[in-house]
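Peer 1: Fold the stuff below for me.
(2 chains)
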Amino acid sequence: EDQVTQSPEALRLQEGESSSLNCSYTVSGLRGLFWYRQDPGKGPEFLFTLYSAGEEKEKERLKATLTKKESFLHITAPKPEDSATYLCAVWLQGAQKLVFGQGTRLTINP
Amino acid sequence: DAEITQSPRHKITETGRQVTLACHQTWNHNNMFWYRQDLGHGLRLIHYSYGVQDTNKGEVSDGYSVSRSNTEDLPLTLESAASSQTSVYFCASSATNNEQFFGPGTRLTVL
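Peer 2: Numbers count the residues shown, from 1 in each chain, chains lettered A, B, ... in the order given. As a prediction, the model looks like this:
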């Protein structure tokens, strides 16, 4: 069965304290991996798409990387406004749909 | 600007009633999706559509139905609402690259 697992479930950091979120997957065929940000009471907002192992994408303080079994979302010198739930999702071969992980709730304390 | 909207944003209904949640997108995307989001389960796919007159069941489709009569709209109907269907519902749309754009969500409470 195709599975997407995110860790940790929740993470608290001090402002400026860098860290990484993990998304591991066991799927029959990966066509792409997506990262989303979700603020309380809102819909998920697209961040990145990664298509192949070794690929990296960056946006402000965020950098996403992909290997054959997992993806990392690195957060460098985070600010309180980076607090949100971060979701990853995999795009399976042969399907125009995504399978989501349960998310990591990130809190950045000032 | 293109957008995706959902209505209503909040809905309280009673067990056994039929409920329809609206989703409208102006991206001109062929693909549209309905998810529900619950604590401990993340986002789960209910139904999806790859174009007009096309609908498909997702992993949690029991008790829900959709119809696609035009590109812009994919309404979600709960035929006979149950308390287990209390949740937050998100609609999304995408082009062929599957980069999905989400609506703001509808919070549904079934009493």
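Peer 1: Report pLDDT for residue 45.
Peer 2: Since you didn't name a chain, this refers to chain A. Looking at A:Glu45, its pLDDT reads 95.
Peer 1: um, chain B though
Peer 2: Value listed for B:Leu45 in the pLDDT field: 94.
Peer 1: ok, the spatially most central residue of chain B - contacts?
Peer 2: By C-alpha atoms, centre = their mean, chain B has its centre lying nearest to B:Trp34, at 3.2 Å. Residues near B:Trp34 by C-beta atoms under 8 Å, 6 or more residues apart in numbering or on different chains: B:21, B:23, B:45-48, B:58, B:64, B:66, B:74, B:76, B:89-92. The C-beta positions use only the backbone N, C-alpha and C, and glycine is treated the same way.
Peer 1: Near chain A, list only the ones from these.
Peer 2: Applying C-beta under 8 Å from any C-beta of the partner chain, the subset of the contacts of B:Trp34 adjacent to chain A comprises B:Leu45, B:Tyr48, B:Gly58, B:Phe90, B:Ala92.
Peer 1: Same list (those) but as JSON lines, adding distance to A:Glu1.
Peer 2: Output for these, formatted as JSON lines (distance: C-beta to C-beta, whole Å):
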{"residue": "B:Leu45", "distance to A:Glu1": "14"}
{"residue": "B:Tyr48", "distance to A:Glu1": "19"}
{"residue": "B:Gly58", "distance to A:Glu1": "15"}
{"residue": "B:Phe90", "distance to A:Glu1": "23"}
{"residue": "B:Ala92", "distance to A:Glu1": "23"}
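Peer 1: Let me know the closest of the residues you listed to A:Gly32.
Peer 2: Among those, B:Ala92 lies closest to A:Gly32 (C-beta to C-beta), at 15.3 Å.
Peer 1: follow-up on the earlier one: most neighbours, which of the ones next to chain A among the contacts of B:Trp34?
Peer 2: Counting neighbours by other C-beta atoms under 10 Å in any protein chain shown, B:Ala92 leads those with 27 neighbours.
Peer 1: Identify the bridge partners of it.
Peer 2: B:Phe33, B:Phe102 (DSSP bridges).
Peer 1: got a list of what it touches?
Peer 2: Here B:Ala92 is in contact with A:Gly43, B:Ile4, B:Met32, B:Phe33, B:Trp34, B:Tyr35, B:Gln100, B:Phe101, B:Phe102, B:Gly103 (C-beta under 8 Å, 6+ apart).
Peer 1: Please repeat the previous calculation with a cut-off of 10 Å.
Peer 2: In this structure, B:Ala92 makes contact with A:43-44, A:46, A:97-98, B:4, B:23, B:25, B:29, B:31-35, B:43, B:45, B:48, B:74, B:99-103, judged by C-beta atoms under 10 Å, 6 or more residues apart in numbering or on different chains.
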